[in-house]
Each structure stands twice: as structure tokens, then as C-alpha cells.
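Trainee: any chance you can model this:
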Amino acid sequence: MDIAQQTNDAFRDDEQSGDHLEKQKIQKAKKSMMWFAMVSMSMTFAGLTSAYVVSKSRVDWLTDFTFPTAFIISSVVIVLSSITFSLAKKAILKGDRKQTMLMLLLTLGLGVAFVWLQFSGFSDIISQGYFFTGSESNVTTSFIYIVVIAHMAHLIGGLIVLLVVIYNHYKQKYKVGQTLGLELGAMYWHFVDFLWLYLFFFFYFFR
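Mentor: Numbers count the residues shown, from 1 in each chain. Below you'll find the model as predicted:
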């Protein structure tokens, strides 16, 4: 009887070990796919900013417009959102569900504030007399508009991912040792945040 029990225990341990290895493979594959997606998106924005640099040689290129203060504030906001998302990840690893939810909701609020500040920055540029489309538009502001809108589309995608993460957390799908969805969401969010900081400093110093 003891031998049979030991044999069953051994089979169970092997099965659990196999499940653990399979789970690790799936997690690694999904993270690799996320990295591939982020690299692909980075190449898109690298192409856009390269075109921006080339276009600076045009005679109608603007150099005297004031960079919107809202864009500067939004940069601070998006850095704070990365911090809160990181704190959410740390909280779930400690098993603190309440703190995790609080940090996720703060991240969502900061993300929405970022989008609002982006539109506020557009309004500021228009108030200076520079338009993005139409006969009164300029190639400089049109470039800024295209790149910022493209980034904002990725950030809105991030907000949707964040809403899914919040919903899954509410449904108690995340716990210590089972945080893949939250980790992938955090990876994408940090990427979008870093991407904006790159664009911000690029536009600020290469006007």
C-alpha cells in the first residue's frame, strides 16, 4: 500500500513538474511575442522621426513656435503612471489585492489625464496660429500631429489593455505565481510611456 501511494505521489509530482514547465514555456512565448510587437512599433516611430529630420531642410519649416506646456506636463503624468503600474505589480506579488487595485485605478486615471493633456497641447498649437491640416497647415505641425496621434492610438490601446487587467484582477484571476496578464500589460504600458518620452525629447530638441 505504501509503495502504491509512493508511486502515485511520484506520478503526481512528475505531472505537476511537467505542467510547470509547460506554463513557463507559454509565458516565455507570450513575452517574446510582446517584445516582437514592441520592436515592430518602435521601427514605425523611428521611420516617422527620421522623416521629420529629413524634412527640416524645407524652407517652410517652422522653428519659432512655442512647445505646448501641456506636452511637458503630460510627460510627468505618464512617468507617474509607469510608477503606479510598477507598484501594482509589486503589490500583487505580495498578495495585496487592495493595493493592487488602487494602483491600477490610479494608472488608469493618469492614462486618461495624459490623453486629455495631449488634446490640450494640440489646442495650444492651434491657438498660436499653426494648424495641422488644410490650407493653413504647416509641414512641421502636421508631422507633430501625425506622430502624436499615432502614439495616442497606441496609448488608447494600452488603456483598453489596462481595463482588461483591472477586470481580471477584480475577478481574482491574478495571484502570486499567476500574474502573466498583468506582467504583459505592464510591459506594454512601460513601452508606450518610454515611447512618448523619446518623442517628447525628440520634438523638444529637434524643432
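Trainee: any stretches of this structure with poor pLDDT?
Mentor: 1-21, 59-60, 62-63, 65, 134-137, 207 (pLDDT under 70).
Trainee: which residues of it fall in helices?
Mentor: 2-55, 69-93, 97-127, 139-170, 180-205 (DSSP state H).
Trainee: between those, which one is closest to Thr133.
Mentor: Proximity to Thr133 (C-beta to C-beta) singles out helix 139-170 among those, at 6.9 Å. From N, CA and C alone the C-beta is placed, and that goes for glycine too.
Trainee: so what's Ala88 up against?
Mentor: Contacts for Ala88 (C-beta atoms under 8 Å, 6 or more residues apart in numbering) come out as 99-100, 103-104, 107, 182, 186.
Trainee: which of the residues you listed lies closest to Val54?
Mentor: Nearest to Val54 among the contacts of Ala88, with distances taken as C-beta to C-beta, is Ala186, at 34.9 Å.
Trainee: correct me, but the closest one touches Lys89?
Mentor: Yes: counting by C-beta atoms under 8 Å, Lys89 is a contact partner of Ala186 at 5.4 Å.
Trainee: now Phe132, nearest residue through space, not along the chain?
Mentor: Tyr145 (3.8 Å; C-beta to C-beta, 6 or more residues apart in numbering).
Trainee: and what of Ile92?
Mentor: Nearest to Ile92 is Thr100, by C-beta to C-beta, 6+ apart, at 4.5 Å.
Trainee: that neighbour: how many residues sit nearby?
Mentor: Thr100 has 24 neighbours, counted by other C-beta atoms under 10 Å.
Trainee: before we move on, back to that, any chance of JSON lines for the helices of the chain, columns distance to Trp61?
Mentor: Output for the helices of the chain, formatted as JSON lines (distance: least, C-beta to C-beta, whole Å):
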{"stretch": "helix 2-55", "distance to Trp61": "7"}
{"stretch": "helix 69-93", "distance to Trp61": "19"}
{"stretch": "helix 97-127", "distance to Trp61": "15"}
{"stretch": "helix 139-170", "distance to Trp61": "6"}
{"stretch": "helix 180-205", "distance to Trp61": "13"}
